[in-house]
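> Below is the sequence, then the predicted model.
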Amino acid sequence: MSDQVHVFQKRFAVSTRGRGPQEITDYVADIVAESGVRTGTVQVFTHHTSCGLLIGENADPSVCRDLDRFFGKVAPDGDPMFEHDAEGDDDMPAHVRSVLTGVSLGIPVSDGRAALGTWQGIFVWEHRTVPHERRVTVTVTGLRGG
Amino acid sequence: MSDQVHVFQKRFAVSTRGRGPQEITDYVADIVAESGVRTGTVQVFTHHTSCGLLIGENADPSVCRDLDRFFGKVAPDGDPMFEHDAEGDDDMPAHVRSVLTGVSLGIPVSDGRAALGTWQGIFVWEHRTVPHERRVTVTVTGLRGG
Amino acid sequence: MSDQVHVFQKRFAVSTRGRGPQEITDYVADIVAESGVRTGTVQVFTHHTSCGLLIGENADPSVCRDLDRFFGKVAPDGDPMFEHDAEGDDDMPAHVRSVLTGVSLGIPVSDGRAALGTWQGIFVWEHRTVPHERRVTVTVTGLRGG
């Protein structure tokens, strides 16, 4: 039984279906399991500026629909205030929403698992209207012994 | 003097008094001290989808009152836009506010302490109107020697 | 070739020019390079409550101008709703915007570099109207061998 700290890193990509959530809880769970880490932290990161990562309720799909309604209200497509519309009406609102949700998450690892709460799921949130392939890097740091 | 990296993890719960801030700076400080880590990072995480964690000014209580006013304006209770109201008017707004503040924080550890700025405090922010017990996990990773 | 985990921490300060972005991608890249870490994570933290850190598009300057317009709309200076104005009209809006963007970022380190996406840059975002000196701490944790 070793008490040495380990680092394990793996990448994957998800194909989004246009604006809205793509749950990746199982991808992250599998990487944590593969790492062998029992106590530590896991960092989840997406390498883009027009999608985001968030932890939200994953039991009732109406929560995700309402979250998207909220994003639509706080940073609506085609807002004349925005100068940057090189890729269309949803270009700058996607950047704003990406900043609001962020592109990085940290979660504890306990007993060999990502220690999410009962109702917490991990989502890549697509902020563009068109589907994209979104790259995600997961890094697990911690103790394997236990 | 060892230069080996250590990981130390501990959980606690706080009873909130309904909507608003519950400062946990001292809880986190105690866990960092107990870890013996002198240089590294500390991750603070709450296992819920209707409260959040944030770093804010902890000197003047009017800042916290204004923050709550802001949350009330950006995601008001009873907004007819929201579909999800299973637990009442404050249900979906609490989920939205939780996404805006996030449920995870990372702070450096320097000289054996969580290296917060002079005016920075760590808060569990209750987004529901009714008091709840909120679980928090703190993970410290770093060097003990130094 | 060692497979032991290392921790490397360094601080710097940036002088902002008043409200808006100050890119620090190169500062962080240099610290990651100096750390010698090849696989792991980097945490970036700013010790203040009236500026923030964010990852955003760094190719087209209109994105940053639009982000600042967004902040001005969601938390405008001089909002009569705010009680806390000890340091002026931009005091409380700066605290609100700091909470929205956050003061901490986590980024993976891969192949010895902060693994940002093609268009991602790291910014200290000044939320006060007047220039300030903002302190930043960068902590790199991971494997040097590889």
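Sure, I can see it.
> wait, isn't residue A:102 in contact with residue A:53?
Yes. The pair residue A:102 and residue A:53 qualifies as a contact (C-beta atoms under 8 Å) at a distance of 6.4 Å. Where you see a C-beta, it was placed from the backbone N, CA and C, and this is true even at glycine.
> Near chain B, which residues of chain A are found?
A:4-5, A:39-41, A:54-57, A:60, A:62-63, A:65-67, A:69-70, A:73-74, A:100-102, A:105-108, A:110, A:115-120, A:141-143 (C-beta under 8 Å from any C-beta of the partner chain).
> Can you classify the residue of chain A found nearest chain B as helix, strand or coil?
With C-beta to the nearest C-beta as the measure, the residue in chain A that lies nearest chain B is residue A:117; the distance is 3.2 Å. Classification of residue A:117 using DSSP: H, G, I helix; E, B strand; the rest coil returns coil.
> what about the nearest residue to it once chain neighbours are set aside, neighbour count?
Closest residue in space to residue A:117, ignoring its immediate chain neighbours: residue B:47 at 3.2 Å, by C-beta to C-beta, 6 or more residues apart in numbering or on different chains. When neighbours are counted by other C-beta atoms under 10 Å in any protein chain shown, residue B:47 registers 21.
> distance of residue B:47 from chain C?
Between residue B:47 and chain C the distance, using C-beta to the nearest C-beta, to the nearest Å, works out to 19 Å.
> Tell me which residues are up against the longest helix anywhere in chain A.
Taking DSSP state H as the criterion, chain A has its longest helix at helix A:61-74. The list of residues contacting helix A:61-74 from outside it, by C-beta atoms under 8 Å, 6 or more residues apart in numbering or on different chains, reads A:19-21, A:56-57, A:93, A:97, A:100, A:123, A:125, A:127, B:49, B:74-75, B:81-84, B:92, B:95-96, B:99, C:74.
> Run a quick check on residue A:128 versus residue A:52, I expect a contact.
No. Between residue A:128 and residue A:52 there is no contact under C-beta under 8 Å: 11.2 Å.
> Is residue A:98 part of a helix or strand, or is it coil?
Following three-state DSSP, the label given to residue A:98 is helix.
> Could you double-check that it sits in contact with residue A:127?
Yes. Between residue A:98 and residue A:127 there is a contact at 5.7 Å, judged by C-beta under 8 Å.
> residue ranges of the helices in chain A, please?
Taking DSSP H as the criterion, chain A contains helices spanning A:25-35, A:61-74, A:91-101.
> Just want the most central residue of chain A.
Nearest to the centroid of the C-alpha atoms of chain A, with distances taken as C-alpha atoms, centre = their mean, sits residue A:53, at 2.6 Å.
> higher neighbour count, residue A:128 and residue A:52?
When neighbours are counted by other C-beta under 10 Å, residue A:128 and residue A:52 differ, and residue A:52 comes out ahead with 25 against 22.
> Setting aside sequence neighbours, what's the nearest residue to the more buried one?
Counting by C-beta to C-beta, 6+ apart, residue A:52 lies nearest to residue A:101, which is 3.2 Å off, once chain neighbours are set aside.
> so the one you found touches residue A:50, yeah?
No. Look at residue A:101 against residue A:50 with C-beta under 8 Å: they stay out of range, at 11.1 Å.
> Break down chain A into its strands, ranges please.
Counting by DSSP state E, the segments of chain A that form strands are A:5-15, A:20-23, A:39-46, A:51-57, A:104-110, A:113-114, A:120-126, A:133-143.
> Generate JSON lines for those, with distance to residue C:10 as supplementary columns.
Formatted as JSON lines, these follow (distance: least, C-beta to C-beta, whole Å):
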{"stretch": "strand A:5-15", "distance to residue C:10": "20"}
{"stretch": "strand A:20-23", "distance to residue C:10": "36"}
{"stretch": "strand A:39-46", "distance to residue C:10": "19"}
{"stretch": "strand A:51-57", "distance to residue C:10": "26"}
{"stretch": "strand A:104-110", "distance to residue C:10": "20"}
{"stretch": "strand A:113-114", "distance to residue C:10": "29"}
{"stretch": "strand A:120-126", "distance to residue C:10": "30"}
{"stretch": "strand A:133-143", "distance to residue C:10": "19"}
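> Include mean pLDDT when you put these into CSV, please.
As requested, the strands of chain A are exported to CSV (pLDDT from 0 to 100):
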stretch, mean pLDDT
strand A:5-15, 97
strand A:20-23, 96
strand A:39-46, 98
strand A:51-57, 97
strand A:104-110, 98
strand A:113-114, 98
strand A:120-126, 98
strand A:133-143, 98
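> and of those, who's closest to residue B:31?
Taking C-beta to C-beta as the criterion, strand A:104-110 is the member of the strands of chain A that comes nearest to residue B:31, at 12.3 Å.
> State the pLDDT value of residue A:60.
Looking at residue A:60, its pLDDT is 89.
> related to what we said a few turns ago, out of the residues of chain A next to chain B, which are buried?
Applying 16 or more other C-beta atoms under 10 Å in any protein chain shown to the residues of chain A next to chain B, the neighbour count classes A:5, A:39-41, A:54-57, A:63, A:65-67, A:69-70, A:74, A:100-102, A:105-108, A:110, A:115-117, A:119-120, A:141-143 as buried.
> Check whether stretch A:8-28 comes near chain C.
Yes. Part of stretch A:8-28 sits near chain C under the criterion C-beta under 8 Å from any C-beta, namely residue A:9.
> Work out the gap between that stretch and the centre of the chain.
For stretch A:8-28, the distance between its averaged C-alpha position and the chain's averaged C-alpha position is 7 Å (C-alpha atoms, centre = their mean, to the nearest Å).
> From the opening residue of that stretch to its closing one, how far?
Between the opening and closing residues of stretch A:8-28 lies a distance of 12 Å (C-alpha to C-alpha, to the nearest Å).
> Same question for stretch A:29-46.
From the first residue to the last, stretch A:29-46 extends over 16 Å; the measure is C-alpha to C-alpha.
> Same question for stretch A:79-86.
Start-to-end span of stretch A:79-86 (C-alpha to C-alpha) is 14 Å.
> contacts for that stretch?
Judged by C-beta under 8 Å, 6+ apart, the contacts made with stretch A:79-86 from elsewhere in the structure are A:91, A:92, A:93, A:95, C:60, C:62, C:63, C:65, C:66, C:69, C:70, C:73.
> try stretch A:109-121
Here stretch A:109-121 makes contact (C-beta under 8 Å, 6+ apart) with A:23, A:25, A:28-29, A:32-33, A:36-42, A:55-59, A:107-108, A:122, A:140, A:142, A:146, B:9, B:45-49, B:103, B:135, B:137.
> tell me, how many neighbours does the closest residue to residue A:96 other than its chain neighbours end up with?
Here the nearest residue to residue A:96 in space, its sequence neighbours aside, is residue A:75; by C-beta to C-beta, 6+ apart that works out to 4.2 Å. Burial of residue A:75, expressed as a neighbour count using other C-beta under 10 Å, amounts to 25.
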